[in-house]
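[1] no sequence for this one, just the structure:
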């Protein structure tokens, strides 16, 4: 049995070969990854739903654009909040400078930094993510809190790839349909 490197705190960047419509050209920040599976949220799929319609008390803390983001295909009625946070306490994540928000528990005036709201999440069962990475569906790269709070989320996929340099950076210029190349 081979040893598994757990990837919580990394970004999963969809490779051009990933054709699942839920994940084409997505970037997922992995919040948890262990022997039981993995969980994260897609950070570059904004919806047109204003957060103010659902969580008006958080409006003053929202990162631009102030809409609900599609976090993934699992439990899309669940709101997940991420916030800029210098602390490493109970609500921290494996990504430095990134904390969790528990809506209904946390108070907006107690939350440091900007907040982004996601509907649903991306989840993988035991061994599933490792298999997808081995199939080269995902590229794993270090995550930064600034990736989550980009004011131009549609550009995050290409920006993250270019930041890696070398052959990986070239993937950012591939057309959505390689047949058009």
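    Right, received. Where do you want to start? These numbers were taken from a predicted model, which means no experiment stands behind them.
[2] residue boundaries of the helices in the protein?
    128-134, 145-148, 156-164, 166-170 (DSSP state H).
[3] In the longest one, which residues are buried?
    So that's helix 156-164. 156-158, 160-161, 164 (16 or more other Cβ atoms under 10 Å). Yep, even glycine has a C-beta here, placed from its N, CA and C like the rest.
[4] just the shortest one next, same as before
    Residues of helix 145-148 classed as buried under the neighbour-count rule (16+ other Cβ under 10 Å) are 145, 147-148.
[5] List the beta-bridge partners for residue 12.
    residue 28, residue 140 (DSSP bridges).
[6] roughly how far apart are it and residue 71?
    13 Å (Cβ to Cβ, to the nearest Å).
[7] anything in contact with each of these two?
    The overlap between the contact sets of residue 12 and residue 71 (Cβ atoms under 8 Å, 6 or more residues apart in numbering) is empty.
[8] returning to that earlier point: looking at the buried residues of helix 156-164, spot the one nearest residue 25.
    The closest of the buried residues of helix 156-164 to residue 25 turns out to be residue 157 (Cβ to Cβ; 4.7 Å).
[9] List the single closest residue to the closest one in space, sequence neighbours excluded.
    For residue 157, ignoring the flanking residues on the chain, the nearest one in space by Cβ to Cβ, 6 or more residues apart in numbering is residue 25 at 4.7 Å.
[10] try residue 123
    residue 74 (4.5 Å).
[11] Quick check: residue 58 vs residue 25, distance?
    On the measure of Cβ to Cβ, residue 58 and residue 25 end up 28 Å apart.
[12] between these two, who's got more neighbours?
    residue 58 (22 against 19; other Cβ atoms under 10 Å).
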